Structures are given as C-alpha cells and as structure tokens.
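> I'll drop the sequence and a predicted model, then ask my questions.
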Amino acid sequence: MPSDRKEVSRRQFLARGLCVTAGAVATTALTSCDSLNTGGAAKGAARTRFGFTTYQWGKDWDIPALIANCNKARAFGVELRTSQSYAHGVELDLTAQQRGDVKKRFEDSPITLVGIATSERFDWPDPVKLATAIENTKAFIKLSHDIGGSGVRVFPNSFHKEVPREQTIAQIGGALNIVGKVAAYYGQQVRLEAHGNAGALPTLKAIMDHVDQPSVRVKLNSDKRDAQGEGFEHNFNLVRDLLGDTLHLHNLKDAGFPYQLQMDMLVRMGWTGWQLLEVSDKVPDRVQALIEQRRIWDQLLANSLNA
C-alpha cells in the first residue's frame, strides 16, 4: 500500500484552508479540522482516499494544470492514463531526465502520483500480440517506478469465440505471473481491472487462482454488473482478499451502482487504498464537477463511518 507520509504532510499544508471551508463540505472523519491537524482518522477508521484518473476530464490538462485542479478538488492522488494523446505527456518514450522531472513535480506538490493506467491486455489469441502486451507492461512498470508511481493498471480483457474460456483465463494468469515478477523487482503493483467481458468479478477470481505473484492484485471498476448473479456482496467477497490499493469510481450520481454499499464494505474491511474517479460525462466545468464528486464521496464515507 502507498505510504501515508505525503497524505499527512498534505493535511498539514491544507489544514488552515480546509478548516475555513469545512462548513461547505460534507463533514467526515477525514475532513474534520481535528483530523487534518493530527493526520489521524476518527473512530479508528480506515483512511481510504479520493483521487482522480486522467481519462476524459483530465485529458487536456498538463502536469501543472492537473496538480492545480486536483488540489482545488481535494483529489490528492492521480493515476495517469497513457495513449500518446494525453496532455500530461507521460509515456514510454520519456528520457531518464524527463522521468525524474515528472517525479519531482509531484513530490513537490500536495498530489500523490498513484501510478499509470495502461490499456495493455492479456487475452490476445495471437501470440505475437500477447508477447508485445507483456513487454509493454514491463516497460510501463519501469516507467511507473521512475516517475514515483506505485503500480500499473492492466486489463484481462475479452473471451474469444475460437478459444475456450478456461484457456483464456489460464493465459491471462500466466501473463500476470510474468509481469508480476518484474513489478515485484521494482516495488510496483500490477492492478488487474474488472474490464471487458473477461472482467466480471467471478472471472477475475478464476484468473487470480492461476496467479502466484503477490504483486498482482485486483482493481475494482464500480461496474453495474458487479451486482448481478448472486449480488454485489457475494461478488465483492470473491475478490476482497485479492484487492490492490486502487479502484475506479465513475459518476457518483449514478444510482445504478451501489456506491454506498461498496463504501460500507471497504470501510468495514479496513481498506486504505485510493478511490480514483474516472469519468467521461460532458460537463460545463470539469473542475467544479470534480469538486462536486468529491463532496458526494465525502458524504458516502461519512455515512459508512457513522453506520
């Protein structure tokens, strides 16, 4: 799990301003002035944290803008999406000097660089494409290490008509073991996100049954299908002991996903990871929308702590 060192220093840095504005924000154990000043959480609660993934809302924000906007919204952790089209410019072709510059920018800011969100996937029936995905993931792991991140997001991703499901599951697990060894060497985490038709939580549990690398963990994706079958609690419990230190949230106003129940279960188990907002909804002001999402998140957390 990422250290809380920066989170504590952030709170000291922001305590004065947040205490002034606390009345306008949902009151929780994590945002109260007493908690901010001490770096502690009331009632012994887990300090799960709110962050942001540069998907659509942050696509055109360079690093200074990203840090400034996330600071305004109290989204104190950032996951960088990669695809050669993001304004932050953090991609595999960065030189050693550029990687060091990115690391220092975040270290000198209130924002923790949580890691990298890749689109690498391990379901390819084509062995050449599979080998390329594995090698790219190794390179992203090294990049995350060099810029001060703690892990890399990957996909399972799909089942294919011409390939038996169990074969795909075993293949994904085998690829994860390969990249997991590299991640362990660099002190990183491989975050297998619940994405694609091979990303249902019961399937992720089956994939992880093939994985023997502790550095490989499951990343929840707040998907409506998580509540299908035997229900959300059952599906969540299949992977609760396999969870990594990040998950993705989407629009917290969407009543189609049980965000409160997910928060309740995370708090109950003492999970201290980053809940990263990944959204593509069209809004007139993305910073204000991010601030609003943080306020909703604060209330969800307050409800869980007070239950």
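Yes, it's here. Since this is a predicted model, take the numbers as computed values, not measurements.

> Phi, psi for residue 115 please.
Main-chain dihedrals, residue 115, degrees, to the nearest 10: phi 160, psi -160.

> pLDDT below threshold where in the stretch 101-250 of the chain?
The stretch 101-250 of the chain contains no residues with pLDDT under 70.

> Would you map the strands across it?
Taking DSSP state E, counting those that start in this stretch as the test, the strands found in the stretch 101-250 of the chain are 112-121, 151-155, 189-193, 216-219, 246-249.

> The ones you listed into TSV, with extra columns for distance to residue 278?
Every residue, glycine included, has its C-beta placed from N, CA and C. What follows is the strands of the stretch 101-250 of the chain, written out as TSV (distance: least, C-beta to C-beta, whole Å):
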stretch	distance to residue 278
strand 112-121	8
strand 151-155	10
strand 189-193	10
strand 216-219	11
strand 246-249	5
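
> Would you reformat these as TSV and include distance to residue 183 and mean neighbour count?
Shown next, in TSV, are the strands of the stretch 101-250 of the chain (distance: least, C-beta to C-beta, whole Å; neighbours: other C-beta atoms under 10 Å):
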stretch	distance to residue 183	mean neighbour count
strand 112-121	11	25
strand 151-155	7	28
strand 189-193	5	28
strand 216-219	7	25
strand 246-249	14	25
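
> Could you say which one of the ones you listed comes nearest to residue 101?
strand 112-121 (12.3 Å; C-beta to C-beta).

> three-state assignment of residue 64?
Of the three states, residue 64 takes helix under DSSP: H, G, I helix; E, B strand; the rest coil.

> gap between the residue nearest the centre of the chain and residue 124?
The chain has residue 246 as the residue nearest its centroid, 3.5 Å off, counting by C-alpha atoms, centre = their mean. Per C-beta to C-beta, to the nearest Å, residue 246 is found 24 Å from residue 124.

> One more: residue 60?
In terms of C-beta to C-beta, residue 60 sits 31 Å off from residue 124.

> Those two: who's more crowded?
Neighbour count, other C-beta atoms under 10 Å: between residue 60 and residue 124, residue 124 has more, with 21 against 14.

> shouldn't that one be in contact with residue 130?
Yes. Applying C-beta atoms under 8 Å as the test, residue 124 and residue 130 come out as touching, 4.3 Å apart.

> Surely the residue nearest to the centre of the chain and residue 219 touch.
Yes. Judged on C-beta under 8 Å, residue 246 makes contact with residue 219 at a distance of 5.7 Å.

> List the contacts of residue 276.
Residue 276 makes contacts with 51-53, 77, 79, 114, 246-249, as judged by C-beta atoms under 8 Å, 6 or more residues apart in numbering.

> Please convert these to a markdown table, extending it with distance to residue 305.
As requested, the contacts of residue 276 are exported to a markdown table (distance: C-beta to C-beta, whole Å):
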| residue | distance to residue 305 |
| --- | --- |
| 51 | 19 |
| 52 | 22 |
| 53 | 25 |
| 77 | 20 |
| 79 | 25 |
| 114 | 23 |
| 246 | 21 |
| 247 | 18 |
| 248 | 22 |
| 249 | 18 |
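
> Quick check: of the residues you listed, which lies closest to residue 184?
For the contacts of residue 276, the nearest to residue 184 is residue 246 (17.4 Å; C-beta to C-beta).

> For that closest one, which non-adjacent residue is spatially closest?
Spatial nearest neighbour of residue 246, excluding adjacent residues (C-beta to C-beta, 6 or more residues apart in numbering): residue 274 at 4.8 Å.
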